[in-house]
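1. 3D model of this:
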Amino acid sequence: MKRSGKYIVSRKIDQIFINLYDVYKFILRFFKEVLFPPYEFKEVVRQCYEIGYKSLPLITLTGFITGLVFTKQSRPSLADFGATSWLPSLVSIAIIRALAPLVTALITAGKVGSQIGAELGSMNVTEQIDAMEVSGTNPFKFLVVTRMLATTFMIPLLAVYTCIVSLIGSYINVNQNEQTSYSSFVVSALQNISFLDLFSSIIKTTLFGFTIGAVGCYQGYNSSKGTEGVGKAANSAVVVSMFLIFIEEILVVQIVNAIR
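-> Predicted structure coming up:
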């Protein structure tokens, strides 16, 4: 029994390292494929439309509610110290530094990541990927590279949009309670925002976008055969993406705080 237990543990450890090596090869192949022609510009644009434009309704609703609720919840704490005038500045710092990038990444990981994993997984199950190889098309470049580029480009843009919508939601709440004008709200909101805050948020969301695309494509492209494999690919794409997003958030915050 002891030998059997050690053998099982050893196999699991070996499998972890094998999976890590497969991920390394997958990412390395992406960087090789993205640099050399042919370039699938039309497919990249189509994927940007699918990932970016079609995510706007969900991102709009989520961002607006985030700004509105965060402002509403923060007011009582600041009111106890007579510091409600600091509310726009507090909300803008929280949204730009953390909430907008994180909320955008998590929402798109659930929507886009699962979609990519399920789409590529179903293509793998129905042997469409093999058919593309037979017809002379590079399926990795057409299916994987385009989606990873689209997520890397669009998640930062969606995060910027989330920032704007969240601040609009915050302004509505502040205006209703303090009758603050739009111009004074904008001045108060932006006076404590530094270039480092904006730059770190853009870098962070670009990293999030690449992670969502890479995980979704890897899980779908390497899914097991059968309908069960499609479900596992979609589920794994969401779970692993969210886990990695939180890890990256912690690392980026530590680096930015060290620079700050």
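2. quick one: low-confidence ranges for the stretch 1-150 of the chain?
-> The model of the stretch 1-150 of the chain has pLDDT under 70 over residues 1-7, 9.
3. what are the ranges of the helices in it?
-> Assigned by DSSP state H, counting those that start in this stretch, the helices in the stretch 1-150 of the chain fall at 2-35, 41-51, 56-79, 87-94, 100-108, 114-125, 128-134, 139, 146-178.
4. I'd like these laid out as a markdown table, including distance to residue 239 and mean neighbour count.
-> The C-beta positions use only the backbone N, C-alpha and C, and glycine is treated the same way. Supplementary listing: the helices of the stretch 1-150 of the chain in a markdown table, determined by distance: least, C-beta to C-beta, whole Å; neighbours: other C-beta atoms under 10 Å:
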| stretch | distance to residue 239 | mean neighbour count |
| --- | --- | --- |
| helix 2-35 | 14 | 11 |
| helix 41-51 | 19 | 16 |
| helix 56-79 | 19 | 16 |
| helix 87-94 | 26 | 22 |
| helix 100-108 | 12 | 25 |
| helix 114-125 | 10 | 23 |
| helix 128-134 | 23 | 13 |
| helix 139 | 25 | 18 |
| helix 146-178 | 17 | 22 |
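5. Residue 103 contacts residue 61, correct?
-> No. Contact criterion C-beta atoms under 8 Å: residue 103 and residue 61 do not qualify, at 11.2 Å.
6. one step back: who wins for proximity to residue 201 among the helices of the stretch 1-150 of the chain?
-> Distances from residue 201 to each of the helices of the stretch 1-150 of the chain were compared by C-beta to C-beta, and the smallest falls on helix 100-108, at 5.2 Å.
7. can you pull the contacts of the residue nearest to residue 64 when sequence neighbours are not counted?
-> Distances taken as C-beta to C-beta, 6 or more residues apart in numbering place residue 169 nearest to residue 64, at 4.2 Å, with adjacent residues excluded. Contacts were defined as C-beta atoms under 8 Å, 6 or more residues apart in numbering; by that measure residue 169 touches 63-68, 71.
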